[in-house]
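Asks: Okay, here's the prediction I keep looking at, along with the sequence it came from:
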Amino acid sequence: MSGGAARWPTGLPGALDTAIEEAAAPGGPFHPATGSRLDAREEFPAAACAVLDDCGTARAYVPAELGGVPGGLPELVAALRTVARRDVTVAVAHGKTFLGSVPTWVAGTDEQRRALARRVLDGAVVSWGLTEPGHGSDLLAGELTAETTADGGRRLDGAKWPINNATRGDLISVLARTAPEGGPRGFGLLLVDKAALAAGSWSPLPKEPTHGIRGADISGIRFTGAEVPADALTGAAGDGLDVVLRSLQLTRTVCTSLSLGAGEHALRLAHAFAAGRAMYGTTLLRLPLARRVLGRAAASLALADAAALLAARAAHCLTGEMSVVSALVKAGVPEIVQLAVDDLAELLGARGFLTEHHADGAFQKLERDHRIVAIFDGSTAVNRALLINQFPVLARLHRKGTHDAEGLAATVGAEPVPPLDPGALRLFSRTGCSAVQALPGAAGRLAALAAAGAVPPRVPELARALAEEAAAVAAAMAAPLPAGRGTPAEAFETARRYERCFAGAAAVHLLLADPGDPRRVSSLTAAMERALELLRPGHEAPLEAYETVLETLADPAKELIA
Amino acid sequence: MTELTTQTAQPTAAELVDWLRDRVAAQTGRPAEEIDADVPLNDYGLDSVYVFGLCAEIEDQYGIEVEPTVMWDNTSLAPLAEALLTLIAAR
Amino acid sequence: MTSARSADTAPRPGTGTGPAGAPEAGRPEDADPREATPRPEATGYPEGTGCPEAAGRPADVDRLERLFGDAGDPANPVGRNAVLAADDRAGMLAAGEDLLTRFGLNAHFVPRDLGGRFEQLDDLVRVMRAVYRRDPCLGLGYGAGSFMAAVNVWTAGSTGQRERLAGRLLSGGRAACAYHELDHGNDFTRAGLTALPGPDGRLRLNGRKEVVANLRRAETVVLFARTDPAHGSRSHSQLLFDTADLPAAAVRHLDRYPTVGMRGVQLGGIEFTDCPVPDDSVVGRPGQGVETALRSFQLTRVALPGMTIGLLDTALRTALRGARGRTLYGGRAADLPLSRTILAETFADLLLADTFTTVAARAAHTAPAQAGVYASAVKSFVPTVLIRAVQRLSELLGSQFYLRAGEQPLFQKLLRDVQPSAFGHASRVSCQSALLAQLPLTARRGWRADTADPLPADTFRAGRPLPPLRFADLAVSAAGRDPLARSLVVATASAAPDDPLAGSGRAWCARLAELTADASGLAPTLIGPDAPPYAFGLTARWTGVLAASACLNTWWNRPAEAAGSAADPAVTLAVLHRLGSHLDHHREPLPPRLAEPLYAELGRRLDAGLTFDLDRRPTGA
């Protein structure tokens, strides 16, 4: 169930893995020295993106019924993770087309959907213009206007910045003020074809120098009286915010792929270093403290992996819960992975700080690159605010223990996911978060399995402990909170704990769905151990808890969770 | 937060506005008498996404299903109550 | 806003003191009446906003601050724009180096009896912190490297060597501290570079040193080399020599090591092939090298984290400016409760780091035999606090932190520059290993001794003079004595029942008692490098007790005339709350009753142009 390519040996991730491996030869576009050089020079990784084009990666951005890959969001997450574990910058640069296209998949007419699918499959780069100078994540503060023209089209005036692929993009989906007074019904989303704009009615804004993903095209675009036809509107004129919020539920879920890839990359670099580093007559890898750091990082990745997989499948099977689930993984997964990357950086020491001399500076590059994930597509704080907003319902449903059992069963299973129904995306989940709410029941079933000798006794212990944590978090969520700008810091901490409950619950449910494979069980058990560490102050997993994931890691042919 | 999930009787518009006003007051930490039924909720610090929390309370109190965007289409309490009364009557 | 400083009271660099370009190095403090006393009136701040009595020697820091001027002034050759431009070119800020030469920074590394101005370790930290506030690359690349090299010589060198190095530094020269080999990292006892007698009896160097600051630029090198092929702790020595005295053919400089942070610092490598060194190069007795390193680096392991607090000071200032200037959901980002909490917690983190390092630096004077334990404790704990704090501050800036040309472009540089504080000089693990080796004895002897002496009270009184630093008294082992922990026990026992910190004191004493029980039985086999994670965890608990003692005793020894935040127990309670969070006792945000006073103080200091550390001095950073 992990490792990107391994789960899809005949699908796009497998093909990508093979192609990237070939392109990683010295001098090739995916060789780490190439990535480091482009990063230093702030050059776009065009050759690496071409490798992705040649593999037909665009098919992962398009719904299956419009000619895309059959695996839906899980296959897309696996594909982008396969890229990100080599170079996060390339995954960010190429994957943006999915983000720019989602609003059309979510709210476009059949004709708009078919037309965009053709363009994307032909290799068009699509960008998504939400943010504006000075307004950050505050979408309703946007000032770019789209006034109606005499022929029923719209005239765009204003700037979008900083935007990934704003300059390289052929198309850009733009959130614009369709009513002068703005407000939640005052914005619309327009898909702008730059080639069809009158000359002089738009101009690119220069590339922004950035901390990481230095090669990516982070720039902007300014419209000055740019006229677009009436059918540029995605959804109705006042639907912009609604469409954006639903679209973000899918894009935020896919963002986790960048963290999974970066984390896997960091772990492999650190593991290789530790295995080769002679220390005190042995290797660093054999010293218990270093083993613990590596094993804990591997368990963190297994945990992040479980959460991301469950979320990607939930988009298809628990679609109405994605307002909660996408926020949980967009806030939780990058943070869990960043903590692991930070620990691995400490293990690598000076070598992780050098930009050329150790492994071509790959570690320091991925460390900077990865920090973008917690910022874009809604920062961690923004996503936590979305969760906090749903606390009362989540608390009540948790106390009741109700959940969508059928949807959850389909989500945790191994069967191919059904087509995603964007019409089922909701701004507010009526069923809360089934995966967390179902934890007590899952713990009970695992206890029965353990009693029958089918799983180790530690498994139900952990599931019970996670269920206790979830109950405590639910109690904290039930406390009345001031809304909006007054939200206190404790509420953000409660949201963080809830994210970790979800990740732990993901591991519990995935284990329960297929308890027969011992290696998978041990990886998911390590993930649960890590979830408990992340939830309980001062708690440390038992001494041997992470040994199996570490041994799996030592054999590069195996995946963290298979 | 209310614990009520049982269906209440059909309220009058004034009762509904009063109940909503209490909820907004609780969420924003303002005295209820400061909440004007004709002033957009945004002006009281309830942003477009934060109003969803209020939506859930309405569902619980009156046993109806409310699409959260009803809060966007009716930005202050008076028109919101009107829209909700229709939904409550139809339940 | 930048600062209250006006153009006419903020001299541009080079115009403030002395004839332009004339080195002030070595000039005794009282030789120039202009610098003999603090001149608060010249800073442009109302009197009383600073806290002169809290600083041992604020005049030097204030003078340096005046030389640096207003960092926000685009025309300032050592301002933020210039610092960022140098970083982009991966070069040192030349105007900054000139300024530090004029200021005579090197004199602060040279003991007074050798003609310099180094007397108190905490004063050196203060001066260097001012440099780190402006540009950490200058701090490490101009100053700290020379100091790290020099302490070896001050500790173990002959009179001739000491005078030679003093002369070199006082004339504005540099010394490189060449210990590091990539294959051995911080484990310098495994160093492979050899200095063995050749046929003529002279020592000959073979091998390489890698990733060493200023190796190419420094005129003088302190080199750590194996002088005996046998294993053990008597097989290494430091060598002190000028590179100009080596035969050029036997020396090869390696390519520079570019790094992601501290980009301006020139990290070099050097390879020796059968290279003879002058006869008088060995520092101290041959074979004494490991001991000299362990003793002398006690000072630098306290000083480096203490200097790096200046980096957090500026990161905090930068993030606060950014959060104030950033509008989010119809208000200032800085006004959101989450932002206020992050800012207050970071401020408390800074004060925690400062209190602990200041006490440890002063303890090097009052308890030199135990300085090794306190240095390892500081170096294992404070860098992590600083790094986490800078990383957390990035949340206040949103996407702005990721933009190198954004509203607060300095921030991303500080985020990169702070990283080496974790692994540079001594990593957390190597410091914890050093603590672990001394833990069982300390648990059995020191913590159970009911009559042992605590630290002298002046250790906790930042403004009070200290006994001279006696390099000869620095010891390899603390012999199981821990007067800082003892200070916790003694002071808690004598605290008034209504003292607002008495409860905290009792709680930390209870933790010490638990640790004593857990550590006393630690088997000797469990304290080596292959110790289990649990054993390393015990050293973190020890460090926590020491940090708590530093904070509590600083409170209990506060000056009688203390006012404002220095007299508010909420500050110490907040600092201890953060300490508990760093030790993972809890994960709760700072409660508003503790956070709000700190947040208010933070804003006052920013507006008044004061530093955020214990000194509260004027700064143009």
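Replies: In hand now; what should we look at?
Asks: Please make it C-alpha for all contacts and neighbour counts, starting now.
Replies: Noted.
Asks: The residue in the stretch 201-350 of chain A positioned nearest to chain C: what's it in contact with?
Replies: Here the residue of the stretch 201-350 of chain A nearest chain C is residue A:210; by CA to the nearest CA that distance is 4.6 Å. Counting by CA atoms under 8 Å, 6 or more residues apart in numbering or on different chains, residue A:210 makes contact with A:218, C:402, C:403, C:404, C:405.
Asks: Look up the closest residue to the first one, ignoring the ones flanking it.
Replies: Excluding its sequence neighbours, the residue lying closest to residue A:218 (CA to CA, 6 or more residues apart in numbering or on different chains) is residue A:164, at 4.5 Å.
Asks: And the last one, by the same measure?
Replies: Closest residue to residue C:405 in three dimensions, ignoring its sequence neighbours and counting by CA to CA, 6+ apart: residue A:209, at 6.3 Å.
Asks: ok, that neighbour - contacts?
Replies: So residue A:209 contacts A:42, A:218, C:403, C:404, C:405 (CA under 8 Å, 6+ apart).
Asks: go on, residue C:466?
Replies: With CA under 8 Å, 6+ apart, residue C:466 has these contacts: C:120, C:362, C:365, C:366, C:458, C:459.
Asks: In a markdown table: those residues, plus distance to chain A, secondary structure and pLDDT.
Replies: Shown next, in a markdown table, are these (distance: CA to the nearest CA, whole Å; DSSP: H, G, I helix; E, B strand; the rest coil; pLDDT from 0 to 100):
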| residue | distance to chain A | secondary structure | pLDDT |
| --- | --- | --- | --- |
| C:120 | 30 | coil | 96 |
| C:362 | 29 | helix | 98 |
| C:365 | 31 | helix | 98 |
| C:366 | 33 | helix | 98 |
| C:458 | 35 | helix | 97 |
| C:459 | 32 | helix | 98 |
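Asks: Between which two of these is the distance greatest?
Replies: The span of these, defined through CA to CA, is set by C:120 and C:458 at 13.1 Å.
Asks: Of those two, give the one with the bigger neighbour count.
Replies: residue C:120 (21 against 18; other CA atoms under 10 Å in any protein chain shown).
Asks: Now rank the contacts of residue A:210 by neighbours and give me the top one.
Replies: For the contacts of residue A:210, counting by other CA under 10 Å, the largest number of neighbours falls to residue C:402: 25 neighbours.
Asks: Assess the claim that that residue and residue A:211 are in contact.
Replies: Yes: with contact defined as CA atoms under 8 Å, residue C:402 reaches residue A:211; the gap is 5.1 Å.
Asks: Which segments of the chain make up each domain?
Replies: No chain was given, so I picked chain A. Here the domain parsing of chain A from automatic domain parsing is A:4-100+A:114-121, A:126-238.
Asks: Please refer instead to chain C.
Replies: C:29-174, C:176-287, C:292-464+C:472-590.
Asks: sorry, back to before: take the domains of chain A and lay them out in CSV including mean pLDDT.
Replies: Below are the domains of chain A laid out as CSV (pLDDT from 0 to 100):
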stretch, mean pLDDT
domain A:4-100+A:114-121, 95
domain A:126-238, 95
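Asks: Reformat these as TSV; add distance to residue C:410.
Replies: Putting those into TSV (distance: least, CA to CA, whole Å) gives the following:
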stretch	distance to residue C:410
domain A:4-100+A:114-121	19
domain A:126-238	11
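Asks: Between these, which one is closest to residue C:343.
Replies: domain A:126-238 (19.7 Å).
Asks: Mind listing residues that contact stretch A:149-162?
Replies: With contacts defined as CA under 8 Å, 6+ apart, stretch A:149-162 is touched by A:129-133, A:143-148, A:176, A:205, A:208, A:218-231.
Asks: Any stretches of chain B with poor pLDDT?
Replies: In the predicted model, chain B carries pLDDT under 70 at residues B:1-8, B:49-50.
Asks: again, only this time at 80
Replies: For chain B, residues meeting the criterion pLDDT under 80 lie at B:1-9, B:26-29, B:42, B:45-53, B:56, B:60.
Asks: Residue of it closest to chain C, please.
Replies: Closest point on chain B to chain C, by CA to the nearest CA, is residue B:47, at 7.8 Å.
Asks: Now that residue, what are its backbone angles?
Replies: Backbone torsions for residue B:47, taken as degrees, to the nearest 10, come to phi -70, psi 170.
Asks: still on that earlier bit, ignoring the adjacent residues along the chain, who's closest to the residue of the stretch 201-350 of chain A closest to chain C?
Replies: Here the residue nearest residue A:210, using CA to CA, 6+ apart, is residue C:403, at 4.6 Å.
Asks: which residues sit in contact with the one you found?
Replies: Residue C:403 sits next to A:208, A:209, A:210, A:211, C:409, C:412 when contact means CA under 8 Å, 6+ apart.
Asks: Noted, bye for now.
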